[in-house]
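1. Below are the sequence and a predicted model for it; my questions follow.
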Amino acid sequence: MPIIRVALDVPVNTLFDYLVPDSEITPQDTGARVRVPFGRNTMTGVIMEVTTHSPVPLEKLRHAAHIFRDVPPLPRVLLDLFHFCSGYYHHPVGEVVMNGLPNRLRSGKPFTRKSHTSHQFRLTTAGQSIDSSTIPARSVVKHRLLAKLRGAEAISISEARQISSRAAKIMRELLTLGWVEEVHASLSPIGTVDEALPLPVLTAAQKSAVDVIAPRINEFNTWLLHGITGSGKTEVYLRLISLLLRQARQTLVLVPEINLTPQLEANFRRRFPAIRLVSLHSGLSPSERAAGWLQAQQNEAQIILGTRLAVFTPLPRLGLIIVDEEQDTSFKQQEGLRYSARDVAVFRAKQARVPVILGSATPSLESYYSAVTGRYIRLRLSTRAVKNAMLPTVHCVDIRGTRAKDSLSDPVITALERCLAAGQQSLVFINRRGYAPVLLCRSCGWTAACHRCASRLVVHLREKKLRCHHCGHQEHFPNACPECGDQDIAPFGHGTQRVEAALIHRFPNARIIRIDRDSTSRKDAWHRMLKDIQEQRVDILVGTQILAKGHDFPNLSLVTILNSDASLYSTDFRASERLFAQLMQVAGRAGRAGIHGEVLIQTEFPDHPLYHALRRHDYDALAQMLLEERRTAAFPPFVYQALLHAEAPRIATALDFLASAASVAQPSKEVEVFDPVPAQMARLKGMERAYLLVQSGSRKKLQEFLAAWRTRLETLPGRKVRWILDVDPLEF
Ligand code: ADP
Ligand code: ZN
Ligand code: ZN
């Protein structure tokens, strides 16, 4: 009897074998979802292999309950991608596979596509190659139905019924056989690539980028499209996508946060009105997401726009992958399978022998270094695309000796006034939401802390609440200090709400909006705000980095940055890189459409090299300096790292576990194992956390080490400890 090897969402790195009756399975079912008994429950998994052998004795194998044929099986290449991720990230294969599926398909319920249009049916490749002479002559209806299907792109069920009233039943039979498949009637046939005209004339830099990539559009290369803000990277993407569409191939576009980039989606739709685009992100309902995923898998969508998870979408005609804002840390998943969608994208492109384009104004040092060493090919766009749009001038406002700190200094207020008078928009950037980051007792120094996390509670004044931004815990504002009873407790420091309040007070007639995760959490709120900004119903925008990403605000001429100093001297070796990228991005919002832009940075360290580089818009100078620092200190990209995270109710338990993990490790000349230490966020959601760092100058050696180590970790007694490996970690 055939045996299927099934990937299940359980934290053990193995596949599980089940029996299936001969009549119910073929090798083509590899990649199908399946319902199987597991312990006392049943679970949904994916068939990774159909075989006849099992290391488990036959009599111990259980029977699979049901094989789903609601959607086509996952293609082989996708299963290979899952295997690669499981191997590279040293993560249980079943969790990797199930992580890659839309939620809706992980459940035990079969998926039916809801549709308001009538369904049509067409022959699959298998159906096209059926030899009619093998079908008994007496099956007249079947013969006529197949003939009709051959003669048309697709037919509806009512067209089928014209043959016979039994045609519908036979169509279902053909569906089960995999000879026909369903398509949406509303979908036009593929092939109308027509772009909405006229196309903009490319800048010299855009043209040379397109001219370099275009002849190599069907081969694997990693292109680093390094273009300053406003240089028109999107237009380069669009030209290349157009080439692929003409080859009837699909493009996968990964973006950091899709809710924040409706502009990109609108741009794409406007350019290719007849092309089907699906977007895949967490804002969709499970069914919507599954439906979009299925359209991609069926080659009914040619452009797939999505957040990191979309990197696992099945794409039978994949021709190009684009990762926009490749430096963005949200491409890295920080829980469960800790993959980097950017790195997986590069692997996937290589696997599919198609190009991948990493776009950024401030590439990650890893990607930049890969370009320096020739692994990636860097293309520069160094001028703004719109005529007369210049990069903004950047000034530091020295606040040493003033009382402004992170609230508004006099030069900033003057600049805002000037901007208002000129009828232009300005942006006040403060990367901290809430009213104030701390509630402080002036008498004894008590601060409000989260009891579940090693963090302070943030003051949300309007709601009269204290909130933890790490676990979501919230509590009421105390009337007096819980330590000393003094009533002199007050918010300390500034968040977006407090700056907004200060601005309203200072500029009572200005139209001010605040944009942060709190103000945009309701569906469509962000959309409306964006529209208000575009249609000039806003004078001053106050907000966090949500504002920084990729938006085009044509009438924005002033950007002020309030409290960036804290990141200059952080213990995180990536802090400077991130701060620079973030400030370049925010600064890049100013002066995009031909009006002169100005950026003011309030700082106590105006001579810091990072601000120097920012003033000159000199990414390369800073990147080279930071790379030199990293080389000296032996940090990535000069070494490869992995973390073993452990969390437990008590820190001692976590540290003990890590100590035994270190004792079973086999370090070598090439692989260094460090001592266990508490994590930067030592308590989170009531769990205490620690980690152990492993690093090596050789990725291969590190991988070999991790593979051997992992099997030994699984045998360690670790009750009450949850542990996980994080390869190429970004957070410590
Ligand atoms: P980036 O993503 O590189 O920051 P965008 O792709 O958002 O830049 O482009 C910035 C602006 O320049 C957009 O308004 C875009 O429509 C415009 N633009 C891009 N290419 C051209 C071009 N060749 N001619 C005129 N305008 C252009
Ligand atoms: Zn007190
Ligand atoms: Zn908390």
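-> Perfect, thanks for sending it. Residues are numbered from 1 along each chain as shown. Ligands and ions are numbered 1, 2, ... in the order given.
2. How about residue 455: what's its closest non-neighbour residue?
-> The shortest distance from residue 455 to any non-neighbouring residue, by C-beta to C-beta, 6 or more residues apart in numbering, is to residue 470 (5.2 Å). The way it works is simple: take the backbone N, C-alpha and C, and place the C-beta from them, glycine included.
3. Quick one, grab the pLDDT at the one you found.
-> Model confidence at residue 470, expressed as pLDDT, equals 89.
4. I'd assumed residue 451 was in contact with it.
-> No: if you go by C-beta atoms under 8 Å, residue 470 and residue 451 don't touch, sitting 12.0 Å apart.
5. For the stretch 451-600 of the chain, which segments count as helices?
-> 496-506, 525-534, 575-587 (DSSP state H, counting those that start in this stretch).
6. Could you identify which of those is most buried?
-> With neighbours taken as mean count of other C-beta atoms under 10 Å, these reach their highest mean count in helix 575-587, at a mean of 23.
7. Tell me which of the helices of the stretch 451-600 of the chain sits nearest to ligand 1.
-> Proximity to ligand 1 (C-beta to the nearest ligand atom) singles out helix 575-587 among the helices of the stretch 451-600 of the chain, at 9.0 Å.
8. The closest one - contacts with which helices or strands?
-> strand 556-561, strand 598-603, helix 609-615, helix 619-633 (3 or more C-beta pairs under 8 Å, 6 or more residues apart in numbering; DSSP states H and E).
9. Try it again at 6 Å.
-> In terms of contacts (3 or more C-beta pairs under 6 Å, 6 or more residues apart in numbering; DSSP states H and E), helix 575-587 is packed against helix 609-615.
10. Contacts made by the helix it packs on with the rest, please.
-> By C-beta atoms under 6 Å, 6 or more residues apart in numbering, the surrounding residues in contact with helix 609-615 are 394, 396, 576, 580, 583, 621-622.
11. ditto for stretch 335-353
-> Here stretch 335-353 makes contact (C-beta under 6 Å, 6+ apart) with 81, 85, 89, 91, 96, 99, 220, 222, 254, 308, 311, 318, 321, 323, 326, 331-333, 356, 726.
12. got it, and stretch 322-332?
-> Contacts with stretch 322-332, where a contact means C-beta under 6 Å, 6+ apart, come from 237, 253-256, 308, 340-342, 345, 357-360, 362-364, 581, 730.
13. For stretch 677-684, give the mean pLDDT please.
-> Average pLDDT, stretch 677-684: 91.
14. what does stretch 517-532 give?
-> So the average pLDDT for stretch 517-532 ends up being 82.
15. Tell me the residues on this protein that lie near ligand 3, please.
-> With the criterion set to C-beta under 5 Å from the ion, the chain comes near ligand 3 through 450, 452-453, 468, 470-471, 473.
16. Helix, strand or coil: sort out the nearest residue to residue 171 once chain neighbours are set aside for me.
-> Residue nearest to residue 171 in three dimensions, not counting chain neighbours: residue 160, with 5.5 Å by C-beta to C-beta, 6+ apart. At residue 160 the chain is in helix, as set by DSSP: H, G, I helix; E, B strand; the rest coil.
17. So what's the predicted local confidence for residue 160?
-> So, for residue 160, pLDDT stands at 84.
18. do residue 290 as well
-> In this model, residue 290 is scored at 93, pLDDT.
19. Apart from its neighbours in sequence, what residue is nearest it?
-> residue 104 is the one closest to residue 290 (C-beta to C-beta, 6+ apart), at 3.8 Å.
20. Return the nearest residue of the stretch 251-400 of the chain with respect to ligand 1.
-> Nearest residue of the stretch 251-400 of the chain to ligand 1: residue 385, at 3.5 Å (C-beta to the nearest ligand atom).
21. one step back: so how many other residues sit close to the residue nearest to residue 290?
-> 18 (other C-beta atoms under 10 Å).
22. Got phi/psi on it?
-> Main-chain dihedrals, residue 104, degrees, to the nearest 10: phi -60, psi -30.
23. Tell me the spacing between it and residue 514.
-> Here residue 104 is placed at a distance of 35 Å from residue 514 (C-beta to C-beta, to the nearest Å).
24. so where do the strands sit in the stretch 301-450 of the chain?
-> For the stretch 301-450 of the chain, applying DSSP state E, counting those that start in this stretch gives strands covering 303-306, 318-324, 356-360, 377-381, 393-398, 425-429, 438-441.
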